[in-house]
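Novice: got a structure for you, letters missing:
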């Protein structure tokens with residue numbers, strides 16, 4: 001059977017015995033080297049080598065994971081209907097977990113050069129009773145699947161009989177799934193004239209065995225579509241619906257059969273072989289040359305004869321062995337020897353045989369072959385010193401993000417989900433890829449926002465903030481702030497109202513007392529009787545509340561103004577009135593509040609008496625007593 005290479009070109013195969021005869025030092029072609037004997041002859045074999053290198057090579061694996069994960073940015077949603085926007089966000093982020101799925105898809109793309117995905121629409125599986133025809137939900141009855149046939153107990157007739165499968169598709173948005181196919185099991189066939197591709201899924205043998213095993217197939221059979229079970233029961237493969245499969249393949253030059261993408265690892269397989277050869281050499285050096293071997297031998301004394309002429313070397317060896325054992329127990333001990341000894345070191349030269357430079361050079365070659373700068377893959381890149389490398393990676397990732405937006409989301413996934421669930425329009429795409437350290441770009445965005453050149457949404461998205469989330473947070477903060485301000489204003493208004501009520505009560509009490517005193521004076525004058533005058537305002541102020549007698553004619557609700565308040569009012573009146581306006585203002589106050597006017601007059605009289613009692617200082621000194629004069 002002929003074998004083919006990655007480009008479907010026939011490859012000449014050699015029997016196993018020929019490899020032994022030729023060996024690694026025989027070159028059948030001037031362009032061949034020893035590693036060329038290990039190039040995989042078929043595409044499937046090449047896929048196995050790519051998987052092996054991804055799992056075991058310390059350079060290829062990390063680079064592929066970085067290229068697959070770093071490129072997948074967060075999603076943005078654009079729709080005029082906020083409810084529809086929430087629906088799409090729930091499907092893509094909560095149900096499909098689209099970002100993680102895209103990372104897994106890119107891992108296959110970077111490893112195999114091909115990645116396949118399909119949509120598994122939600123359905124409920126029913127088992128139709130062969131006895132009464134009742135449709136039983138598979139999760140509601142006990143069942144077994146053996147020899148590709150269902151047997152279960154019907155809920156309707158209670159018969160334990162053979163049952164047929166009946167799948168009913170439902171429009172439950174929470175149960176839709178994305179399936180990632182293993183490229184090793186997919187065999188595409190492309191018509192180079194029309195461009196139509198046919199995809200055949202080759203069901204692996206291990207899956208057939210597990211599905212047909214009643215002890216293991218519970219987790220496999222319940223959610224597996226009927227077409228897969230039928231194909232397995234007939235021993236056939238499955239042709240996938242070309243409208244429901246997404247094929248992401250690595251770009252390459254035109255070839256005879258370009259139905260498959262060429263894995264990027266293919267270009268570094270020889271470098272990986274060389275790297276592994278160096279690693280084997282490092283392992284051998286570590287095993288044989290890391291620790292030195294110490295040899296002790298007798299040494300002739302200067303100008304003396306050789307020790308072996310008159311010394312039993314067997315006894316000397318036993319004595320040296322005892323000395324070494326004793327020294328290990330007591331490192332400070334002293335041991336006399338009859339003649340000098342010498343120590344020779346064998347091996348221990350691993351440092352000089354190290355292949356670190358060759359390994360680093362080969363590792364950099366592998367990174368370059370995978371289109372990923374080595375300084376970024378293994379550290380050491382800086383913003384100032386790696387602008388070119390960063391720009392190369394940025395351009396590569398920008399193109400990859402555009403492919404995810406246009407091909408995977410825009411043309412394949414979103415239209416099918418929208419049509420199946422009858423959803424409204426919504427633009428779902430990944431945010432633009434940009435370096436996290438691009439501080440200059442962020443400063444430009446902030447400057448443009450201050451001049452109202454760009455919107456708040458664009459500015460926040462440039463700074464990696466969620467505009468809708470920030471708007472919701474601001475709305476909640478403003479509501480809380482308004483509620484707090486409303487409480488403060490209500491409290492201030494209530495306090496002001498209480499103060500006004502207290503002032504009104506005090507003023508009403510003073511007016512009542514004044515009216516009562518005036519009525520009492522009028523009654524006394526009318527009767528022609530000399531009555532004792534009522535209490536003066538000052539007496540009212542100085543007397544305790546219980547000593548004040550309510551004037552006649554007042555009910556029990558009369559009010560009186562506190563003495564302290566009257567005194568404060570009088571002091572304030574005197575301070576705010578000019579001296580030339582005092583008589584005029586005092587006359588007006590007497591009509592409005594006679595008690596307060598009398599108190600002000602009393603205070604003014606007191607101030608005037610104090611002013612008159614003050615004598616100016618003498619302008620001339622008193623006469624002094626002269627010398628010899630007696631003071632009488």
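Specialist: Done, it's in. Keep in mind it's a predicted model, so treat the numbers as computed, not measured. Numbers count the residues shown, from 1 in each chain.

Novice: Find the nearest non-adjacent residue to residue 120, please.
Specialist: Counting by Cβ to Cβ, 6 or more residues apart in numbering, the nearest residue to residue 120 once its immediate chain neighbours are dropped is residue 177, at 4.4 Å. Yep, even glycine has a C-beta here, placed from its N, CA and C like the rest.

Novice: which stretches of this protein aren't confidently modelled?
Specialist: 1-39, 302-305, 377, 379-392, 434-441, 462, 464, 527-562, 564, 610-632 (pLDDT under 70).

Novice: Grab the longest helix from it for me.
Specialist: Of all segments of type helix in the chain, defined using DSSP state H, the longest is helix 467-527.

Novice: quick one, phi/psi of the residue nearest to residue 120?
Specialist: phi -140, psi 160 (degrees, to the nearest 10).

Novice: dump the residue contacts of it.
Specialist: By Cβ atoms under 8 Å, 6 or more residues apart in numbering, residue 177 lies in contact with 96, 119-120, 122.

Novice: how does it look with 10 Å?
Specialist: Residue 177 makes contact with 95-96, 101, 118-122, 223, according to Cβ atoms under 10 Å, 6 or more residues apart in numbering.

Novice: Mind checking which of these are in strands?
Specialist: Mapping the contacts of residue 177 onto strands (DSSP state E) picks out 118-120.

Novice: List buried residues within the residues you listed.
Specialist: 118-119 (16 or more other Cβ atoms under 10 Å).

Novice: which among the ones in strands among the contacts of residue 177 gets closest to residue 346?
Specialist: Proximity of the ones in strands among the contacts of residue 177 to residue 346 (Cβ to Cβ) peaks at residue 118, which lies at 63.9 Å.

Novice: Can I get the ones in strands among the contacts of residue 177 in JSON lines including distance to residue 375?
Specialist: Formatted as JSON lines, these follow (distance: Cβ to Cβ, whole Å):
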{"residue": "118", "distance to residue 375": "39"}
{"residue": "119", "distance to residue 375": "40"}
{"residue": "120", "distance to residue 375": "42"}
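
Novice: which one of the ones in strands among the contacts of residue 177 is nearest residue 508?
Specialist: Comparing those against residue 508 with Cβ to Cβ picks out residue 119 as the nearest, at 84.0 Å.

Novice: Tell me the bridge partners for the closest one.
Specialist: Bridge pairing for residue 119 (DSSP bridges) gives the partners residue 178.

Novice: cool, the one 4 residues further on as well?
Specialist: In this structure, residue 123 bridges to residue 169 when assessed by DSSP bridges.

Novice: what's near enough to touch the residue nearest in space to the middle of the chain?
Specialist: Centroid-nearest residue in the chain: residue 74, 10.4 Å away (criterion: Cα atoms, centre = their mean). Residue 74 makes contacts with 93, 99, 430-431, 461, 464, 466, as judged by Cβ under 10 Å, 6+ apart.

Novice: Recalculate using a threshold of 7 Å.
Specialist: In this structure, residue 74 makes contact with residue 431, judged by Cβ atoms under 7 Å, 6 or more residues apart in numbering.

Novice: Torsion angles phi and psi at it?
Specialist: Dihedral pair for residue 74: phi -70, psi 160, per degrees, to the nearest 10.

Novice: How much space separates it from residue 91?
Specialist: From residue 74 across to residue 91, the span is 16 Å (Cβ to Cβ, to the nearest Å).

Novice: What lies in contact with the helix or strand that residue 84 is a member of?
Specialist: Per DSSP states H and E: residue 84 is located in helix 82-89. Surrounding helix 82-89, the residues in contact under the criterion Cβ under 7 Å, 6+ apart are 77, 79, 423-424, 426, 428.

Novice: hmm, try it at 8 Å
Specialist: Residues outside helix 82-89 that contact it (Cβ under 8 Å, 6+ apart): 75, 77-79, 173, 423-426, 428.

Novice: can you give me the helices for the stretch 201-350 of the chain?
Specialist: According to DSSP state H, counting those that start in this stretch, the stretch 201-350 of the chain carries its helices in the segments 205-211, 218-221, 226-234, 269-289, 313-329.

Novice: Rebuild those helices as JSON lines, extending it with distance to residue 506 and mean neighbour count.
Specialist: JSON lines is the format used below for the helices of the stretch 201-350 of the chain (distance: least, Cβ to Cβ, whole Å; neighbours: other Cβ atoms under 10 Å):
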{"stretch": "helix 205-211", "distance to residue 506": "95", "mean neighbour count": "13"}
{"stretch": "helix 218-221", "distance to residue 506": "87", "mean neighbour count": "15"}
{"stretch": "helix 226-234", "distance to residue 506": "93", "mean neighbour count": "15"}
{"stretch": "helix 269-289", "distance to residue 506": "99", "mean neighbour count": "16"}
{"stretch": "helix 313-329", "distance to residue 506": "105", "mean neighbour count": "12"}
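
Novice: Dump the ones you listed into TSV; add distance to residue 191 as well.
Specialist: TSV is the format used below for the helices of the stretch 201-350 of the chain (distance: least, Cβ to Cβ, whole Å):
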stretch	distance to residue 191
helix 205-211	29
helix 218-221	34
helix 226-234	24
helix 269-289	30
helix 313-329	80
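
Novice: right, and these - which one's nearest residue 126?
Specialist: Residue 126 lies closest, by Cβ to Cβ, to one member of these: helix 226-234, at 10.9 Å.

Novice: by contact count, what packs against the closest one?
Specialist: Secondary-structure packing of helix 226-234 (3 or more Cβ pairs under 8 Å, 6 or more residues apart in numbering; DSSP states H and E): strand 160-169, helix 205-211, strand 238-240.

Novice: Quick check: which of these is nearest to residue 371?
Specialist: Each of the helices and strands packed on helix 226-234 has some distance to residue 371 by Cβ to Cβ; the shortest is strand 238-240, at 30.3 Å.

Novice: Lovely, talk soon.
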